[in-house]
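A.B. asks: how does the following fold in three dimensions:
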Amino acid sequence: MTESTLTLPSGDWPELMPGWVWLCGAGPGDPGLLTLHAVHALRQADVIVYDALVAPVILEWARPEAEKIYAGKRGGKPSAKQADISLRLVDLARAGKRVLRLKGGDPFVFGRGGEEAQTLIQHGVPVRIIPGISAGIGGLAYAGIPVTHRDVNQSVTFVTGHDQRGETPDSLDWEALSRASGVLVIYMGMKHAPAIRKGLLEAGKRSMDEPVAIVTQATTPEQKVLETTLGTMLDDIAATKMEPPAIICVGRNVLMRQVLDWQALMRGEAPRNLDPLGRGKPAEDR
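C.D. replies: Next comes the predicted model:
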């Protein structure tokens, strides 16, 4: 992939000015999900500060002379401190660099983009925010799971599986979450899957046979999808040896993968069930 392989449409594209930081979402993994604003930013930046979940091929869109600084944070592994990352961005901008902060998914969805932007603004550094496709939506879509479906839910709740300490957040009210939303999408929850399962079952609003899907390496060639239930999820995770990063989806919309697994359809496989929700009539018949 090179700069010359994509010509941006004509228009009033914003200019990344020296001393500015653009906080940009790189999407969940597939480089094709990058926005045009993100590509435009890559072509302008002097310095790119990127996260662990940014696909390496995306960096090929950068100017050849651009400096690339890895600032990945991965649970349980040596990582840069958040304060150091934020202040590094300040220093680079003050040095007159055109800085692109490239973050996996969307920078404002459990991505600490708000923290970094606040630090920059508090230090007088101008910023621009470029949204990206969040893994909780894009990753599930690649798995064939719609986060909303009229026969299942009128709301969806996005939850983080760990807090600043790396533990399951104490503030999560699993009963309230289950009562308020038919579908839960849990980011960064693999490490604390036992606590999440326990919280949901003890809340009394979810049964042992509640459908669950776990998607790892979402939208990449290494993507894996586990369809399971609350009752069997821990044993199934252990058996498949799945590892983070992962998205956990809890709710009956997981069943829709039986008909909407479009990647399997592309491989020539037949749908497993054309009516996984048991409606008994065609999808267009409402």
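A.B. asks: ranges for the strands of this structure?
C.D. replies: Using DSSP state E, the strands of the chain run over residues 21-25, 47-50, 67-70, 99-103, 127-130, 156-160, 183-187, 211-216, 224-229, 246-250.
A.B. asks: right, and those - which one's nearest Val90?
C.D. replies: Across the strands of the chain, Val90 has its closest neighbour in strand 21-25 (8.3 Å, C-beta to C-beta). C-betas here are computed from N, CA, C, even on glycine.
A.B. asks: chain center to the closest one: distance?
C.D. replies: Counting by C-alpha atoms, centre = their mean, to the nearest Å, strand 21-25 is centred 16 Å from the centre of its parent chain.
A.B. asks: and if you look at stretch 197-211?
C.D. replies: In terms of C-alpha atoms, centre = their mean, the gap separating the centre of stretch 197-211 from the centre of its chain is 24 Å.
A.B. asks: could I get it in PDB with only the CA atoms?
C.D. replies: Output of stretch 197-211 as PDB, limited to C-alpha atoms (Å, rounded to 0.1, in the frame of the first residue of the first chain):
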ATOM      1  CA  ARG A 197     -20.300 -13.900  34.200                       C
ATOM      2  CA  LYS A 198     -20.800 -14.000  37.900                       C
ATOM      3  CA  GLY A 199     -22.200 -10.400  38.000                       C
ATOM      4  CA  LEU A 200     -24.700 -11.000  35.200                       C
ATOM      5  CA  LEU A 201     -26.000 -14.300  36.700                       C
ATOM      6  CA  GLU A 202     -26.200 -13.000  40.200                       C
ATOM      7  CA  ALA A 203     -28.200  -9.900  38.900                       C
ATOM      8  CA  GLY A 204     -31.000 -12.400  38.100                       C
ATOM      9  CA  LYS A 205     -31.800 -10.800  34.700                       C
ATOM     10  CA  ARG A 206     -29.800 -13.200  32.600                       C
ATOM     11  CA  SER A 207     -30.100 -17.000  32.400                       C
ATOM     12  CA  MET A 208     -27.500 -19.700  32.000                       C
ATOM     13  CA  ASP A 209     -28.600 -20.200  28.400                       C
ATOM     14  CA  GLU A 210     -28.200 -16.500  27.500                       C
ATOM     15  CA  PRO A 211     -26.400 -16.300  24.100                       C
END
